[in-house]
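In: sequence isn't available, so here's the structure alone:
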């Protein structure tokens with residue numbers, strides 16, 4: 001499709017951004033295949049990953065500094081990254 005996935009963007013961001021924490025919707029693990037969950041976890045390796053309900057993640061997103069939209073359609077695949 002030529003569109004970057006969320007893990008593709010995380011990989012690119014981590015080259016120049018020291019990330020201390022990542023937050024994802026707990027629903028992601030409920031609706032995603034084990035392979036998809038593993039891919040996300042691999043790309044977030046070394047970062048403290050916290051899971052919270054999607055509604056809480058959406059509320060958290062209102063206070064972010066920036067948003068990157070990828071066009072990735074992975075359900076609940078959004079990640080909030082916090083600098084270290």
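Out: Done, it's in. For clarity, every value in this text was computed on a predicted model and none was experimentally measured.

In: mean confidence (pLDDT) on the longest strand belonging to the chain, please.
Out: Criterion DSSP state E: the longest strand present in the chain is strand 19-25. For strand 19-25, mean pLDDT rounds to 96.

In: what is the neighbour count of residue 45?
Out: Using other Cβ atoms under 10 Å, residue 45 has 8 neighbouring residues. C-beta: built from backbone N, CA, C; applies to glycine.

In: surely it is within a strand?
Out: No - judged by DSSP: H, G, I helix; E, B strand; the rest coil, residue 45 forms no part of a strand; its state is coil.

In: now it: how far from residue 23?
Out: Residue 45 is 16 Å from residue 23, where distance means Cβ to Cβ, to the nearest Å.

In: please enumerate the helices of the chain.
Out: Residue ranges of the helices in the chain, as given by DSSP state H, are 6-13, 27-31, 34-43, 54-61.

In: make CSV out of those and add distance to residue 72 and mean neighbour count.
Out: Listed next are the helices of the chain as CSV, based on distance: least, Cβ to Cβ, whole Å; neighbours: other Cβ atoms under 10 Å:
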stretch, distance to residue 72, mean neighbour count
helix 6-13, 5, 16
helix 27-31, 12, 15
helix 34-43, 11, 14
helix 54-61, 15, 13
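
In: of those, give the one that comes closest to residue 82.
Out: Of all the helices of the chain, helix 54-61 sits nearest to residue 82, with 9.7 Å by Cβ to Cβ.

In: just the angle between that closest one and strand 19-25, please?
Out: Relative orientation of helix 54-61 versus strand 19-25 (axes from the mean of the first three to the mean of the last three Cα atoms, to 10 degrees): 140 degrees.

In: state the mean pLDDT of helix 54-61.
Out: 95.

In: repeat that for stretch 28-44.
Out: Stretch 28-44 shows a mean pLDDT of 96.
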